[in-house]
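> Have a look; sequence and predicted model below, questions after that.
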Amino acid sequence: MTKQIEFFIEWTSTTVLIVGVALTAWNVHPLNVYVSIIGNLGWLIVALMWRKWSIITVQVVVVMIYLVGMISKTLAGA
């Protein structure tokens, strides 16, 4: 059962990230950021399940970059 859950999260997150990249290419902002964060969080879950520190590190950094960008954009608009 765990392998099925891993497989589902892995491929759902991959699909979501591809959609996020496509939205970025089509300049659909801020939806592209929200979609990409969801995909990266999914991959973070998979990386934690696999205990792969290289993937964990990348996903944590990417999510933090997205969140800092969203916060700074929100504060700049206030």
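That came through fine. Numbering: from 1, shown residues only.
> All the helices of the protein, residue numbers only.
Along the chain, counting by DSSP state H, helices occupy 2-25, 31-50, 53-77.
> which of those sits most buried?
Stretch with highest mean neighbour count among the helices of the chain: helix 31-50 (a mean of 18; mean count of other CB atoms under 10 Å). For the C-beta atoms, the positions are set from N, CA and C on the backbone; glycine is no exception.
> what helices or strands is that helix leaning on?
In this structure, helix 31-50 makes packing contacts with helix 2-25, helix 53-77, judged by 3 or more CB pairs under 8 Å, 6 or more residues apart in numbering; DSSP states H and E.
> Show me how far that helix is from its chain's centre.
3 Å (CA atoms, centre = their mean, to the nearest Å).
> Put the alpha carbons of that helix into PDB.
The C-alpha coordinates for helix 31-50 follow below in PDB (Å, rounded to 0.1, in the frame of the first residue of the first chain):
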ATOM      1  CA  LEU A  31      -1.500  30.900 -10.200                       C
ATOM      2  CA  ASN A  32       1.800  29.500 -11.500                       C
ATOM      3  CA  VAL A  33       3.400  30.000  -8.100                       C
ATOM      4  CA  TYR A  34       0.600  28.400  -6.200                       C
ATOM      5  CA  VAL A  35       0.500  25.400  -8.500                       C
ATOM      6  CA  SER A  36       4.300  25.000  -8.400                       C
ATOM      7  CA  ILE A  37       4.400  25.200  -4.600                       C
ATOM      8  CA  ILE A  38       1.800  22.400  -4.400                       C
ATOM      9  CA  GLY A  39       3.900  20.300  -6.800                       C
ATOM     10  CA  ASN A  40       7.100  21.000  -4.800                       C
ATOM     11  CA  LEU A  41       5.400  20.100  -1.500                       C
ATOM     12  CA  GLY A  42       4.300  16.800  -3.000                       C
ATOM     13  CA  TRP A  43       7.900  16.100  -4.000                       C
ATOM     14  CA  LEU A  44       9.100  17.000  -0.600                       C
ATOM     15  CA  ILE A  45       6.700  14.400   0.900                       C
ATOM     16  CA  VAL A  46       8.100  11.800  -1.600                       C
ATOM     17  CA  ALA A  47      11.700  12.800  -0.700                       C
ATOM     18  CA  LEU A  48      11.000  12.400   3.000                       C
ATOM     19  CA  MET A  49       9.500   9.000   2.300                       C
ATOM     20  CA  TRP A  50      12.600   8.000   0.300                       C
END
